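Chemist: Provide a 3D model corresponding to the input given below.
(2 chains)
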Amino acid sequence: MCGIAGVIHRGSVSGVGAEMTSMLKALKHRGPDSTGFALYGTPVEGDCVMRFKVAEQEDMGSGFDIHARIRDRVEEVDRRLAELGVAVKDRAASTEYAMRYVISYDGDLEHLARYVEDVEGAEILSLGSALELVKDLGDAAVVSGQYELGAMRGTHGIGHTRMATESDVDIRSAHPYWAFPYNDIAVVHNGQLTNYWLKRREMERRGHRFMSDCDSELLAVYTAHHLAHGITLEESLERSIREIDGVFTYLVATRDQLGMAKDTMAAKPLVLYESDDLIALASEEVAIRAILPDEIDTSDPYDEETRVWQA
Amino acid sequence: MAGVKSQDDRSYEMGLHTEQLAGRTQQIFFRPEEEERFLYPWAPDVDYNRRTEIDADTMTSTEVNAKLRALMNEGYGSIVVRNPRGKHSLGVGILNRLNLIFEGSLGYFAVGLIDGPNVRIHGRVGWSCGENMMAGTILIEKNAGSTFGAAMRGGDLVCRGSVGSRTGIDMKGGTIIVGGDTGAFSGFMMQRGRMVVCGNAGKNLGDSMYDGTIYVGGEIRDLGVDAVPAELTDLDRAWLTRKLTQYELLPTRGVDHFTKIVAGKQLWNYDNLEPTEKKLIL
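Modeler: This next block holds a predicted model:
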């Protein structure tokens, strides 16, 4: 049991950081292991936000020299970025092991991502012009406070509270998943995918990389693969209903879209609120109530239902 | 050949028989004299004319439920809960007469395991509303989530809007009425009771149902295993008209367009004997 939530403002910018924090706080009982946010701000042309980590939270208690090793890893990332000619416009460290860089780079982003991830312990959490992806162990209040997400503004966002069932409790297995190496695509998922290894091998044969053994990562790679080949988000969501086995409900966010898909068994919950200027989705009504306290009309999407909303 | 017992007789004497379920639903479904007059010995004596309100905004589900019990013990028979804000498990396990009104939406497991109260929800409910309810009435003004009325035994569970998937799964009695549509697998393994869907029904309607009756006013995407259409009788029409009128859900064109779905009873479980038992007498 995990909790997923999403919100999208049509044609306006709002405090999505605070909204997603409130929604995920309300879903804490669905999974307290880790919490993740994928928030979409206003893109700055030419710039990219790269969020990456160089260690797991649990690594911080292992070895007397972990702090020095983390410093070394960050320096190695910096050295490699400089080697590629990447201009780092802003550096910030949310935690000792999680960094946020604003970069400017005209080259191949996939090559950049692979080169950075070649550094020991390094994993890029997100790379994009609008996406800010943050995930860590702990509940929404802890993670949001740690990464100062409450003040973040944007058009849309998705989030996840995790009860680990398929893989470890670590940042690597936490949601949302960024769709490496594609800009601004993030996925959160509630459920179990039963043909995960089959589809993962299929994707790996096509050259995609997986950083975890969490089945949910497949949805991010699968979606990104489709989008990179000119398939629309709507089509990708519909295909997933036919091609992915298991019980699942998942949300996908791109730079300007929010999509949802519910499997053929309709075994995982999703409640939807839809108005002219705001869409809110969550595993439970209580999360939507956290940002819309007044009485509203909500509904449950049915089996095999897919939807896409534009920001 | 006089004196030679048939296989059926021999198995019956060995105790290897089960009762036939056919037709029982129609005959003894409603016994209002039992449902209305039964009270638990410890049930508080409440007065419907004594009315009070709770503001649940800052209360936990446990606190709200404890408060409801305290108020019933004080004799309040009509309780209004304001600002429920989608909280889970509100109003569960009330085994008592009570008029309970929620001014807002509820979360999961709303008013489950009840035996007697009349509940009105001016909002929507999440998954598993009315699960295992035994008697009473629940009326929801908006939509409801999945597993609506799962394993319910009795009473009326009514949603004016649409409901999610697996509505009435494993239901063993009572009535579910849906003003809008219902999702996939509705009536799955239904064992008794009646379900009325005024709108459309999703795929696999009535899959593996043992008994009971499903009425659908709109389109049925497809039927589940062993669910079959049946003739709508005058008794069905009269009952549908009465029930839908009671909850102000009677379509303007009446009930003649409803499709009736029952169990075909061709599955293995309709044999009198379990497979292991068959070996004993063959």
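
Chemist: does chain A sit close to the strand or helix carrying residue B:193?
Modeler: In this structure, residue B:193 is located in strand B:192-197 according to DSSP states H and E. No - remark: strand B:192-197 sits outside contact range of chain A, by CB under 8 Å from any CB of the partner chain, the gap being at least 13.4 Å. C-betas here are computed from N, CA, C, even on glycine.

Chemist: who are the packing partners of whatever helix or strand comes next after that strand?
Modeler: The first helix or strand that comes after strand B:192-197 along the chain, using DSSP H and E, is strand B:213-216. Contacts defined by 3 or more CB pairs under 8 Å, 6 or more residues apart in numbering or on different chains; DSSP states H and E place strand B:213-216 against strand B:192-197, helix B:234-246, strand B:259-263.

Chemist: for the helix or strand just after strand B:213-216, buried residues please.
Modeler: Counting by DSSP H and E, the next helix or strand C-terminal to strand B:213-216 is strand B:227-230. By neighbour count on 16 or more other CB atoms under 10 Å in any protein chain shown, the buried set for strand B:227-230 is residue B:227.

Chemist: what do you get for stretch A:49-63?
Modeler: A:49-57, A:59.

Chemist: out of those, who's nearest chain B?
Modeler: Nearest to chain B, judged by CB to the nearest CB, of the buried residues of stretch A:49-63 is residue A:57 at 29.9 Å.

Chemist: who's in contact with that closest one?
Modeler: Residue A:57 is in contact with A:95, A:97, A:136-137, A:170-171, counting by CB atoms under 8 Å, 6 or more residues apart in numbering or on different chains.

Chemist: up against chain B, what does chain A have?
Modeler: Within chain A, the positions near chain B by CB under 8 Å from any CB are A:264-267, A:269, A:271, A:284-286, A:288-289, A:293, A:295, A:297-300, A:302-303.

Chemist: mind giving me the domain ranges of the chain?
Modeler: Picking chain A for this. According to automatic domain parsing, chain A comprises the domains A:3-41+A:139-310, A:44-129.

Chemist: my question was about chain B
Modeler: Taking automatic domain parsing as the domain assignment, the ranges for chain B are B:46-142, B:165-282.

Chemist: averaging pLDDT over each of these, report the lowest-scoring one.
Modeler: Lowest mean pLDDT within those: domain B:165-282, a mean of 90.

Chemist: ok, back up a step: any chance of the buried residues of stretch A:49-63 in CSV, plus distance to residue A:216 and secondary structure?
Modeler: Converted to CSV, these look like this (distance: CB to CB, whole Å; DSSP: H, G, I helix; E, B strand; the rest coil):
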residue, distance to residue A:216, secondary structure
A:49, 22, strand
A:50, 22, strand
A:51, 18, strand
A:52, 19, strand
A:53, 18, strand
A:54, 23, coil
A:55, 22, coil
A:56, 18, coil
A:57, 19, helix
A:59, 22, helix
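
Chemist: and the helices in the stretch 51-200 of chain A?
Modeler: Listed in chain order, the helices of the stretch 51-200 of chain A (DSSP state H, counting those that start in this stretch) span A:66-84, A:109-117, A:140-146, A:196-205.

Chemist: in CSV: those helices, plus mean neighbour count and mean pLDDT.
Modeler: What follows is these, written out as CSV (neighbours: other CB atoms under 10 Å in any protein chain shown; pLDDT from 0 to 100):
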stretch, mean neighbour count, mean pLDDT
helix A:66-84, 15, 95
helix A:109-117, 18, 91
helix A:140-146, 19, 94
helix A:196-205, 15, 96
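
Chemist: tell me which parts of the stretch 1-150 of chain B are close to chain A?
Modeler: Within the stretch 1-150 of chain B, the positions near chain A by CB under 8 Å from any CB are B:85-88, B:104-108, B:122-124, B:126-127, B:142-143, B:145-146.

Chemist: out of these, which are buried?
Modeler: The buried subset of the residues of the stretch 1-150 of chain B next to chain A - by 16+ other CB under 10 Å - is B:85-88, B:104-108, B:122-124, B:126-127, B:142-143, B:145-146.

Chemist: show me what contacts residue A:128?
Modeler: Residue A:128 neighbours (CB under 8 Å, 6+ apart): A:48-49, A:178, A:183-185, A:255.

Chemist: could I get the residues you listed in JSON lines, plus columns for pLDDT?
Modeler: Shown next, in JSON lines, are the contacts of residue A:128 (pLDDT from 0 to 100):
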{"residue": "A:48", "pLDDT": "91"}
{"residue": "A:49", "pLDDT": "91"}
{"residue": "A:178", "pLDDT": "89"}
{"residue": "A:183", "pLDDT": "78"}
{"residue": "A:184", "pLDDT": "88"}
{"residue": "A:185", "pLDDT": "91"}
{"residue": "A:255", "pLDDT": "92"}
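
Chemist: so which of the residues you listed would you say is closest to chain B?
Modeler: residue A:185 (28.6 Å).

Chemist: near that closest one, how many other residues are there?
Modeler: Number of residues near residue A:185 (other CB atoms under 10 Å in any protein chain shown) recorded here: 27.

Chemist: where along the stretch 51-200 of chain B do the helices fall?
Modeler: Under DSSP H, counting those that start in this stretch, the stretch 51-200 of chain B gives helices at B:61-73.

Chemist: show me where it has its strands.
Modeler: Along the stretch 51-200 of chain B, the stretches classed as strands by DSSP state E, counting those that start in this stretch are B:76-82, B:99-103, B:115-121, B:135-140, B:156-159, B:172-178, B:192-197.

Chemist: outside of the first one, which residues touch it?
Modeler: It refers to strand B:76-82. B:46-57, B:64, B:68, B:71-72, B:90-91, B:97-104.

Chemist: sheet partners, orientation included, of that strand?
Modeler: strand B:47-55 (parallel), strand B:99-103 (parallel) (DSSP bridges).

Chemist: deepest-packed of those, please.
Modeler: strand B:99-103 (a mean of 21; mean count of other CB atoms under 10 Å in any protein chain shown).

Chemist: now the strands of the stretch 51-200 of chain B in CSV, with distance to residue A:209?
Modeler: CSV is the format used below for those (distance: least, CB to CB, whole Å):
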stretch, distance to residue A:209
strand B:76-82, 52
strand B:99-103, 50
strand B:115-121, 49
strand B:135-140, 48
strand B:156-159, 47
strand B:172-178, 47
strand B:192-197, 47
